[in-house]
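Asks: Got a sequence here, can you build the structure:
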Amino acid sequence: MRILGVHLQGLRRPSGVHRLLLDSGYSVLCTGDAESAALLEQMILSLIYPRTDLDDYAGWRDADGDEPSRMGLSMSFGADAYRLIVDLEKERLVLGKYDAGIKDFERISTNRVGVEAHLKGIGLPSRDDFVQLTLASECLRRGLGGSIAAVKPTLESAKPVAPLVETHVESERARLTEELASAEEAEGDLEKIEARAAELREARDRFERLERDYKRVVAELEEREVMRDSIDTLDVKIAEFRDLCEERSSERAEIEHARRDFLEDRTQLRSIPAPLIFPLGLGLALGVCGTIVGLLGQKIFYALAAIGLTVSALAFLVARRARWRLGSVEARLAALRVRERSVERKFETETTLIRGLMQQLDLESIESLEREVRSYRALLDRANDLKRKLGEIRLVFTEQSAAELQHLDRRISESRQSDASPGQIRSELSHLGQSTAPIADEADDDDATPVPLPDMIHDENDVVIEGPVAPDLLIQAAASATQRTESDLRSKIGPSLSLYLRALTHGEWIQGRRDESGIWYFRRDDKVEAAFHQLPADQRSAAALAFRFALVESLAEDFSVPVLVGTDLPVQNERDRDTLARALQRLSSVAQIIQITDNAAAWEPYAGLVIDLGKEGVPN
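Replies: Got it, this is the predicted structure:
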């Protein structure tokens with residue numbers, strides 16, 4: 001729920017016409033005087049809960065004013081916007097819901113009961129829960145916790161008691177009774193506490209063991225970080241590497257076979273010219289001699305010359321052809337060398353990744369790399385499994401579990417160190433009862449002081465406060481408004497409670513806890529604890545305030561209501577005001593804060609919007 005704006009006109013106070021558009025965070029409305037501030041707070045509350053609060057129409061009106069007397073409130077629940085208009089002169093009201101189709105508000109209800117019922121149906125908490133969970137002045141006036149009856153006992157209503165010695169004995173009896181209850185609880189629950197502590201220790205040990213294993217596996221993975229980016233494609237790359245190795249081996253074998261054949265051919269071709277020298281020379285000799293003898297008249301020798309020249313020509317042609325074939329063989333041998341280099345370059349280019357990994361990991365074979373890949377994947381699976389188990393154990397052993405274990409260990413230690421047994425304490429109580437029995441009968445004194453009633457708290461002004469203390473009332477209101485269990489709410493407010501408690505008590509108290517008997521205790525930095533009812537009045541107010549803020553903050557995601565801050569605040573000095581303003585500023589990051597005051601100067605530095613009702617709204 002969020003309040004979008006407030007419309008006021010023709011009212012007794014604050015006078016004038018005011019159309020106030022509020023910030024979703026921290027808004028301060030300044031009226032200029034305390035009476036107008038109190039009335040404005042009551043007006044807003046009556047507009048939210050008209051059935052219970054909007055009963056005196058005439059009391060709000062300015063009978064002598066010229067403006068029609070009206071009040072209006074616009075608010076949103078999720079994505080839906082609503083507007084409530086109250087006509088004080090005609091004593092009627094109208095609740096409308098904005099319809100984007102007609103771009104106007106569609107009427108829903110025109111009576112107080114129907115308006116409040118509809119708003120509750122869409123998420124508005126009950127009035128008591130709303131007031132309890134906010135800082136409304138009415139809540140603070142009713143007591144630290146909300147619905148608490150505060151009375152001051154009189155002599156007429158008090159029961160007379162024994163003289164001063166009886167008071168002392170009663171105090172001692174109360175102390176021994178409390179010690180007996182604690183001793184019996186410690187004796188009866190120690191086994192249960194130890195079992196719970198053992199369960200938490202086992203979870204803690206498992207968590208620490210898993211965390212150590214996870215860190216070790218991560219360290220091993222970091223040592224092989226070179227494989228991280230390529231692990232998904234390494235199988236394909238290794239298969240390609242094997243194919244390239246086989247292809248290179250096949251190419252090399254084929255090249256080597258061709259080279260052997262060409263070398264044999266070259267050897268043979270190089271040996272051909274030597275045997276042809278004799279036939280070439282013989283043919284030339286026969287040709288020359290036959291020609292000469294033929295010219296001398298022996299014509300038959302022309303035939304011999306022709307034979308010689310033919311033999312020489314054939315020998316020359318054979319030698320020439322051998323030389324040509326030899327050149328062709330040499331060219332093919334050169335082509336084989338080029339092909340061989342090309343195969344090597346291709347292999348080096350396409351296996352760069354794999355060879356680089358092998359070199360960085362100092363591996364000598366592809367089989368070694370495959371083993372490393374399998375090992376790396378096993379480490380990855382192990383790391384993911386450990387991470388999953390760590391996530392599961394974190395759900396069981398949380399920070400709150402660690403704090404619970406410390407608390408249980410402390411209780412176990414205190415139980416074991418305790419010298420007083422329940423039997424001894426009962427003996428002391430019995431002796432105390434025997435020694436004071438006669439005194440009780442003699443008690444009859446008109447001037448006796450009143451006896452503190454059971455389950456009551458005395459503050460420094462002798463004001464007696466009945467019923468549950470503030471923290472439980474706040475948690476009960478939150479549980480009622482959100483339909484959640486009180487134990488769930490108590491478990492959620494821990495971190496926020498410590499923060500607000502430390503701030504609002506100026507570091508005096510830093511942490512709160514509720515023991516098994518339902519008593520709230522607060523701890524200081526020096527580990528001294530005090531029950532809520534034992535705190536001084538101002539610190540009780542601050543503790544109740546811290547609870548309210550912590551609940552609103554922890555519920556903000558699922559259940560958000562505007563916090564109305566009135567003029568009656570538990571602040572005594574400027575330091576308290578600054579601390580409260582900073583706390584409201586923090587709370588405004590998750591909830592809407594609407595503060596109504598007669599003087600905005602102290603709150604202005606922290607607010608997101610400050611509106612002076614004597615002027616127009618001015619953003620801060």
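
Asks: Please make it C-alpha for all contacts and neighbour counts, starting now.
Replies: OK.

Asks: for the chain, where's the lowest mean pLDDT among helices and strands?
Replies: Within the chain, no helix or strand scores below strand 150-151, which has a mean of 32 by mean pLDDT, DSSP states H and E.

Asks: now the stretch 351-500 of the chain, which segments are flagged as low pLDDT?
Replies: 414-470 (pLDDT under 70).

Asks: where along it do the helices fall?
Replies: 352-360, 366-396, 399-417, 422-441, 470-482, 486-492, 494-504 (DSSP state H, counting those that start in this stretch).

Asks: Output the contacting helices and strands for the first one.
Replies: Applying 3 or more Cα pairs under 8 Å, 6 or more residues apart in numbering; DSSP states H and E, we find helix 352-360 packed against helix 234-271.

Asks: let's see 10 Å
Replies: With contacts taken as 3 or more Cα pairs under 10 Å, 6 or more residues apart in numbering; DSSP states H and E, helix 352-360 sits against helix 234-271, helix 366-396.

Asks: Helix, strand, or coil at Ile85?
Replies: State at Ile85, reduced to three classes by DSSP: H, G, I helix; E, B strand; the rest coil: strand.

Asks: Quick check: pLDDT value at it.
Replies: What the model reports as pLDDT for Ile85 is 90.

Asks: Pro336 touches Arg259, doesn't it?
Replies: No, residue 336 isn't Pro; it's Leu. Yes. Look at Leu336 against Arg259 with Cα atoms under 10 Å: they come within range, at 7.2 Å.

Asks: For Val343, find the nearest of the helices and strands packed on helix 352-360.
Replies: Minimum separation from Val343 across those (Cα to Cα) falls at helix 234-271, 6.4 Å.

Asks: What average pLDDT does that closest one get?
Replies: 82.

Asks: And that helix, how far out from the chain middle?
Replies: Counting by Cα atoms, centre = their mean, to the nearest Å, helix 234-271 is centred 63 Å from the centre of its parent chain.

Asks: relative orientation of that helix and helix 352-360 in degrees?
Replies: 100 degrees (axes from the mean of the first three to the mean of the last three Cα atoms, to 10 degrees).

Asks: which residue ranges form the helices in the stretch 151-300 of the chain?
Replies: 164-223, 234-271, 277-295, 300-350.

Asks: most packed of these?
Replies: helix 277-295 (a mean of 18; mean count of other Cα atoms under 10 Å).

Asks: What count of nearby residues applies to Leu29?
Replies: 24 (other Cα atoms under 10 Å).

Asks: Relative to the helix or strand where it lies, what are the paired strands and their orientations?
Replies: Taking DSSP states H and E as the criterion, Leu29 maps to strand 26-30. Applying DSSP bridges to the sheet, strand 26-30 is found paired with strand 593-597 (parallel), strand 609-612 (parallel).

Asks: Export the helices of the stretch 351-500 of the chain as a markdown table, with columns for mean neighbour count.
Replies: Compiled in a markdown table, the helices of the stretch 351-500 of the chain are given as follows (neighbours: other Cα atoms under 10 Å):
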| stretch | mean neighbour count |
| --- | --- |
| helix 352-360 | 15 |
| helix 366-396 | 15 |
| helix 399-417 | 15 |
| helix 422-441 | 13 |
| helix 470-482 | 21 |
| helix 486-492 | 14 |
| helix 494-504 | 21 |
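
Asks: Which one, of those, ends up nearest to Gly25?
Replies: helix 494-504 (18.2 Å).
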